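[1] build me a structure from this.
(4 chains)
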Protein chains: 2
Amino acid sequence: MVDGSGTRSPAGERVWRAACELFSREGIRSVGVAEIAATSGVGKPSLYRNFGSKDDLAIAYLRAQAVAGLASFEAAERACPDDDLAQLRHVIARVAGEMGTPGYRGCVVANAAIEFPDRDHPVRQAVDELKAEYLRRLTALVARLPVDDPDGLAYTLQTLMEGASATAQFHSVERSRATLIEAADRVIASHLRE
Amino acid sequence: MVDGSGTRSPAGERVWRAACELFSREGIRSVGVAEIAATSGVGKPSLYRNFGSKDDLAIAYLRAQAVAGLASFEAAERACPDDDLAQLRHVIARVAGEMGTPGYRGCVVANAAIEFPDRDHPVRQAVDELKAEYLRRLTALVARLPVDDPDGLAYTLQTLMEGASATAQFHSVERSRATLIEAADRVIASHLRE
DNA sequence: CGCCACGCGTACCGATCGGTACGCAGGCGA
DNA sequence: TCGCCTGCGTACCGATCGGTACGCGTGGCG
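    This is a model prediction of the structure:
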């Protein structure tokens, strides 16, 4: 799921694949480099040769997941080029749809913010960066709608997405998904001027 | 901030205080038992004598935080006994207000769900339990309002609270707080039948 | 005064963490 | 055929993890 963009050695590629799998399933702090190496079937030094450290590997993983998320904006524009509202719904639906994947653990980027509370930690800084970028893109899309407070609406929608991602983990995935869709509709409707 | 309810030895009390402080500030997994013991000024065995394990201590901490959160329902009923809508706003305002505390790290219970991805882990099971209880209480309050879908509204409000708690960590606390209040108002308004 | 039981801290345990020194195996040019 | 360079895994490092064996100090009671 998602490439890592850089050209890598065969061993590095196996490490990347295993790391994405494990990070998605169990989070970042819960998996050790030994586990990644064992799962990928390569030695630890191959991991450290291709990625400088576990932190760097984690950051690369988060970046890859984030660009995959941002890709939904382009997909939305491709799907309905002349309907901004439909594009927004498309982006929201993508988040809602992801919640159905087995073993869903919420947004991995947001989770990383919890796993690394220290704001000076490089992983945490990457998280803040990526989240800001997503909000920026979402705001840009919302700003094309006939609303009076695009920043407020975009922030509210991101809040709903984060909240739904969270509640899906300890409540019902189905209810979280339905709630995200419906609440987003209500909020959008209450912002749209007619 | 919150008692631990059980009677404890003096050393145990110091452990409890230090653990609450550290868990709130840095999360659960990030702090070791040695750090808790050192901060509280007691030896590790005192920690294990008063609480059976780090997991048990963490669960006790989460329970204490959760009952503190549930207390806002009673406080709301005391503050405005005959106005259910005002009570609901009171509960929401409490969550919004907590976001202003320095070093705010979101809902510690929700964070624990991220820190312990394994659903069989005792800490994680406590989290699911506590979150379910909160939703139950919230739903009971919402059900007293003239709305057609109290379960849906309660779930939406919890989603907003979780989302605001999350965004406050990597975006702006002020915006998250304002968004929670305003979005909750919009959603409540759209559910109320007149 | 002497005894005992209890609460406590020092010092340690094995396991696991992220990270690395080093040596082996294989392909290529000479 | 030889030498070299590259890419890889084995085995190890110190640090830290959660948890515990054990002995010291003290206060109550005979």
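[2] residue boundaries of the helices in chain A?
    Under the criterion DSSP state H, chain A contains helices at A:10-26, A:33-40, A:44-50, A:54-79, A:84-98, A:108-115, A:122-142, A:150-170, A:173-191.
[3] how does chain A divide into domains?
    A:1-52, A:62-191 (automatic domain parsing).
[4] for A:R78, the count of nearby residues, please.
    10 (other C-beta atoms under 10 Å in any protein chain shown). Backbone N, C-alpha and C define where each C-beta goes, glycine included.
[5] and of the helices of chain A, who's closest to B:C107?
    Nearest to B:C107 among those is helix A:150-170; the distance by C-beta to C-beta comes to 8.6 Å.
[6] quick one: closest of the helices of chain A to B:A86.
    Short answer: helix A:173-191, nearest of the helices of chain A by C-beta to C-beta, at 21.2 Å.
[7] show me how far that closest one is from its chain's centre.
    19 Å (C-alpha atoms, centre = their mean, to the nearest Å).
[8] name the helices or strands packed onto that helix?
    Packing partners of helix A:173-191 (3 or more C-beta pairs under 8 Å, 6 or more residues apart in numbering or on different chains; DSSP states H and E): helix A:84-98, helix A:150-170, helix B:150-170, helix B:173-191.
[9] other SSEs contacting the second one?
    Applying 3+ C-beta pairs under 8 Å, 6+ apart, we find helix A:150-170 packed against helix A:84-98, helix A:108-115, helix A:122-142, helix A:173-191, helix B:108-115, helix B:122-142, helix B:150-170, helix B:173-191.
[10] in chain A, what residue comes closest to DNA strand D?
    Nearest to DNA strand D in chain A, going by C-beta to the nearest atom of the strand, is A:G43, at a distance of 3.1 Å.
[11] who in chain A is up against DNA strand D?
    A:S9, A:P10, A:A11, A:G12, A:G41, A:V42, A:G43, A:K44, A:P45, A:S46, A:R49 (C-beta under 7 Å from any atom of the strand).
[12] just among the residues you listed, which is most surrounded?
    A:V42 (21 neighbours).
[13] which pLDDT value belongs to that residue?
    pLDDT for A:V42: 92.
[14] touching, it and A:V15? I think so.
    Yes: in this structure, A:V42 is within contact of A:V15 by C-beta atoms under 8 Å, at 6.0 Å.
[15] circling back to that earlier point, spit out the contact partners of the residue lying closest to the residue of chain A closest to DNA strand D once chain neighbours are set aside.
    Distance criterion C-beta to C-beta, 6 or more residues apart in numbering or on different chains; nearest residue to A:G43, sequence neighbours excluded, is A:A37 at 6.0 Å. Shown in contact with A:A37 (C-beta atoms under 8 Å, 6 or more residues apart in numbering or on different chains): A:V15, A:A18, A:G43, A:K44, A:S46, A:L47.
[16] before we move on, the earlier item: so of the domains of chain A, which one's packed in deepest?
    domain A:62-191 (a mean of 19; mean count of other C-beta atoms under 10 Å in any protein chain shown).
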